[in-house]
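Visitor: With the sequence up front, the predicted model follows.
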Amino acid sequence: MKKFGTKQLIPLAMALMGIVFAWIGFTQLGFWEKEPKAGFFPTIIAIVMVIASIAAFFQTLKEEDKPSYNKDELLVIAGGAAVIAGSFIIGMIPMLFLFVLFWLKVIEKGTPWKHVIIIELLVAAIVLGVFAGWLQVQFPWGIFENFM
């Protein structure tokens, strides 16, 4: 019998988190009433997350080797945790811009400032235009919420 470890625990935890987010999207934010509501996009992403997590769980059961983690995988997880933590302090949108800036200049090393500015403008257009404007996703604003 295969041992139960982190390779199985993480997909199960992510599936559980996806179920919670889908429930919040359906019950508290609203999904669809003649048009998409604020919970539409988060609920879709949560459902995809549940499906992907279940698939990842079953894939880990087929693996025979001992789990190993490399530095690059942990950097992505640490970056996601930093965005979540920073979202409560300075807000999600400013934190996303800082994350993209940090990732391109520090992790990717050597990205020219011209490219960084273009990418930041594209991120701003997508996040603010599509998610905040069209889909009405309610982002946490942290300390900036009082100014809005």
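Guide: Structure received.

Visitor: The residue nearest to Met92 when sequence neighbours are not counted sits in which helix or strand?
Guide: Closest residue to Met92 apart from its sequence neighbours, by CB to CB, 6 or more residues apart in numbering: Phe139 at 4.4 Å. For the C-beta atoms, the positions are set from N, CA and C on the backbone; glycine is no exception. Secondary structure from DSSP states H and E places Phe139 outside every helix and strand.

Visitor: Check the spacing between Phe139 and Pro94 real quick.
Guide: 10 Å (CB to CB, to the nearest Å).

Visitor: Domain boundaries for the chain, per the record?
Guide: Under the assignment automatic domain parsing, the domains of the chain span 1-68, 70-148.

Visitor: Let's have those in TSV, adding mean neighbour count and mean pLDDT.
Guide: Below are those laid out as TSV (neighbours: other CB atoms under 10 Å; pLDDT from 0 to 100):
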stretch	mean neighbour count	mean pLDDT
domain 1-68	14	85
domain 70-148	13	84
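
Visitor: Pro36 contacts Leu135, correct?
Guide: Yes - between Pro36 and Leu135 there is a contact under CB atoms under 8 Å: 6.1 Å.

Visitor: Met49 and Ala55, how far apart?
Guide: 11 Å.

Visitor: Please identify which helix or strand holds the nearest residue to Trp103 once chain neighbours are set aside.
Guide: Nearest residue to Trp103, sequence neighbours excluded (CB to CB, 6+ apart): Gly79, at 6.7 Å. Using DSSP H and E, Gly79 falls within helix 71-89.

Visitor: which other helices and strands contact the helix or strand following that helix?
Guide: Remark: after helix 71-89, the chain's next helix or strand is helix 92-102, criterion DSSP H and E. Helices and strands touching helix 92-102, by 3 or more CB pairs under 8 Å, 6 or more residues apart in numbering; DSSP states H and E, are helix 71-89, helix 113-124.

Visitor: Phe21 is nearest to which of those helices?
Guide: helix 71-89 (12.8 Å; CB to CB).

Visitor: residues making contact with the closest one?
Guide: 92, 95-96, 98-99, 103, 107, 139-140, 142-143 (CB atoms under 8 Å, 6 or more residues apart in numbering).
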